[in-house]
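Chemist: below: sequence and its predicted model.
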Amino acid sequence: MQNGFRTEKKYIVGPDAALELRERLAPFMTVDRQAKSGAYRIRSLYFDTPDADAFWDKMNGEAERSKYRLRFYNGDLSFIRLEKKEKIGDLTRKTQAAIDEPTARALQEGVCDRLMEADDPLCRAFYAEAKAERLLPSVVVDYRRVPYTYRIDNVRITLDTEVYAGAARTFFSPLRPPFPVLENGVAILEVKTDDRIPASLSRVLETVPRQQQSFSKYALSFARLNGVE
């Protein structure tokens, strides 16, 4: 996809349909090698302005949006990433940079000065935007992901369940954040492609009941944490 953008579509899938989908995908796709037990947990800390501009841009249906987050997997603090997620309609692009734990802990406290002279351009861009827009740590999102890859056409399909939200202070906590975001067993299905979905996979997806949604786990979690209807 030009300029690193890929097509991303999201769906809500009920518990029975999620189980059926996993069974139907198994003959076509491979579980990502990073998911050593078939799944992994992701924890992200999102940043937003004092007026929650990123949240309201999403809620108001702005076609072009971006947001920053910190992320680590399976509680491994030796592998922390600063990421920028950009969207233009159904197109999405993710840029990331490795940061160390002390820097991540400073960012959790709203202090970004360690990035001012960083080597990575994404870190410097975050510093500049954080200062200009007064970006602050907003919401923690924690969930379980089953990731599938398809060796042809660079297709990636993920099923996210057990989504929980918490305040920024919970980012490094060994405990799961306290607020459930989805009903038990409900999954978020994400389909990412460079261009198109192969016909074999398209037929599999068409057999499973699903409802396409325009949402983000950040927006759902922010609303849950702040009581936004």
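Modeler: Everything's here; your move. What you see is a predicted model; the values in this text were computed from it and never measured.
Chemist: tell me the pLDDT of residue 2.
Modeler: Here the pLDDT value assigned to residue 2 is 54.
Chemist: quick one, helices of this structure?
Modeler: Secondary structure of the chain, counting by DSSP state H: helices at 15-25, 53-59, 101-108, 121-133, 199-206, 217-226.
Chemist: what's the closest of those helices to residue 91?
Modeler: Among the helices of the chain, the nearest to residue 91 by Cβ to Cβ is helix 53-59 (15.2 Å). Yep, even glycine has a C-beta here, placed from its N, CA and C like the rest.
Chemist: and the closest one, what's buried?
Modeler: Using 16 or more other Cβ atoms under 10 Å as the burial criterion, the residues of helix 53-59 that qualify are 53, 54, 55, 57, 58.
Chemist: hey, least reliable of the helices of the chain by pLDDT?
Modeler: The weakest mean pLDDT among those belongs to helix 199-206, with a mean of 84.
Chemist: which residues sit against stretch 14-25?
Modeler: Residues outside stretch 14-25 that contact it (Cβ atoms under 8 Å, 6 or more residues apart in numbering): 13, 146, 148, 157, 159, 161, 184-187, 189, 201, 204-205, 207-210.
Chemist: one step back: now the helices of the chain in CSV, with distance to residue 82?
Modeler: Formatted as CSV, the helices of the chain follow (distance: least, Cβ to Cβ, whole Å):
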stretch, distance to residue 82
helix 15-25, 31
helix 53-59, 15
helix 101-108, 8
helix 121-133, 6
helix 199-206, 32
helix 217-226, 15
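Chemist: any of the contacts of stretch 14-25 buried? List them.
Modeler: The neighbour-count test (16+ other Cβ under 10 Å) applied to the contacts of stretch 14-25 identifies 13, 146, 148, 157, 159, 161, 186-187, 189, 201, 204-205, 208, 210 as buried.
Chemist: where are the low-confidence patches of the chain?
Modeler: In the predicted model of the chain, residues 1-2 satisfy pLDDT under 70.
Chemist: kindly recompute the last result at 50.
Modeler: Judged by pLDDT under 50, the chain has its weakly predicted residues at 1.
Chemist: who's in contact with the spatially most distant residue from the centre of it?
Modeler: Counting by Cα atoms, centre = their mean, the extreme residue of the chain relative to its mean C-alpha position is residue 117, 27.0 Å from that point. Residue 117 is in contact with residue 124, counting by Cβ under 8 Å, 6+ apart.
Chemist: just residue 140 next, same as before
Modeler: Here residue 140 is in contact with 43, 44, 45, 46, 165, 166, 167, 168, 170, 171, 177, 221 (criterion: Cβ under 8 Å, 6+ apart).
Chemist: what comes up buried for stretch 129-140?
Modeler: By neighbour count on 16+ other Cβ under 10 Å, the buried set for stretch 129-140 is 129, 130, 133, 135, 137, 138, 139, 140.
Chemist: and what of stretch 104-124?
Modeler: Residues of stretch 104-124 classed as buried by neighbour count (16+ other Cβ under 10 Å): 104, 105, 106, 107, 108, 112, 114, 115, 118, 122, 123.
Chemist: against residue 74, how distant is residue 39?
Modeler: For residue 39, the distance to residue 74 (Cβ to Cβ, to the nearest Å) stands at 10 Å.
Chemist: so for these two, which sits in the more crowded spot?
Modeler: When residue 39 and residue 74 are compared on other Cβ atoms under 10 Å, the one with more neighbours turns out to be residue 39, at 19 against 14.
Chemist: look up how far residue 207 lies from the more buried one.
Modeler: Going from residue 39 to residue 207 by Cβ to Cβ gives 23 Å.
Chemist: was I right to think residue 107 contacts residue 135?
Modeler: No: distance between residue 107 and residue 135: 9.6 Å, which falls outside the contact criterion (Cβ atoms under 8 Å).
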